[in-house]
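*Asks:* Requesting a structural model of the entry that follows:
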Amino acid sequence: MIYAIRNEWETNEKLILRYKKMFFQSRMTAKIRSERYAVGKLSKKKQRESAIVREHYRMLNTKVYF
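*Replies:* Modelled structure (predicted):
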């Protein structure tokens with residue numbers, strides 16, 4: 001459960017922005033969207049393709065740039 005309590009110096013617009021930021025950072029939208037429809041298991045080919053993509057992005061994140 002995500003909630004934001006309004007500070008005394010805070011406007012309503014700022015409170016809404018802070019709540020939305022916390023909501024999207026918690027990745028609740030991804031969970032809600034993934035559970036929206038029933039999806040069967042991936043084939044071995046699809047699993048392998050997604051593993052290759054993950055490995056590629058992990059490699060990019062671990063590179064050190066100077």
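
*Asks:* Every contact and neighbour count from this point should use C-alpha atoms.
*Replies:* Will do.

*Asks:* Torsion angles phi and psi at the spatially most central residue of the chain?
*Replies:* Central residue of the chain (C-alpha atoms, centre = their mean): residue 27, 3.7 Å from the mean position. Dihedral pair for residue 27: phi 60, psi 30, per degrees, to the nearest 10.

*Asks:* Kindly provide the distance from it to residue 33.
*Replies:* If you measure residue 27 against residue 33 using C-alpha to C-alpha, to the nearest Å, the figure is 10 Å.

*Asks:* Residue 12 now?
*Replies:* 28 Å.

*Asks:* next one: residue 48
*Replies:* Distance from residue 48 to residue 33, by C-alpha to C-alpha: 23 Å.

*Asks:* where do the strands sit along the protein?
*Replies:* Using DSSP state E, no strands are found in the chain.

*Asks:* which helices and strands does the top helix by length along the chain pack with?
*Replies:* Identified as the longest helix of the chain according to DSSP state H is helix 44-62. Packed against helix 44-62 by the contact rule (3 or more C-alpha pairs under 8 Å, 6 or more residues apart in numbering; DSSP states H and E) you find no helix or strand.

*Asks:* Worst mean pLDDT across the helices and strands of the protein, which element?
*Replies:* helix 28-34 (a mean of 83; mean pLDDT, DSSP states H and E).

*Asks:* Give me the contacts around that helix.
*Replies:* Applying C-alpha atoms under 8 Å, 6 or more residues apart in numbering, the external contacts of helix 28-34 come out as residue 23.

*Asks:* so how far is it off the chain centroid?
*Replies:* 8 Å (C-alpha atoms, centre = their mean, to the nearest Å).

*Asks:* Mind pulling up the pLDDT for the closest residue to residue 5 other than its chain neighbours?
*Replies:* Spatially, and ignoring its direct neighbours in sequence, residue 5 is nearest to residue 15 (7.8 Å; C-alpha to C-alpha, 6 or more residues apart in numbering). Note on residue 15: pLDDT of 93.
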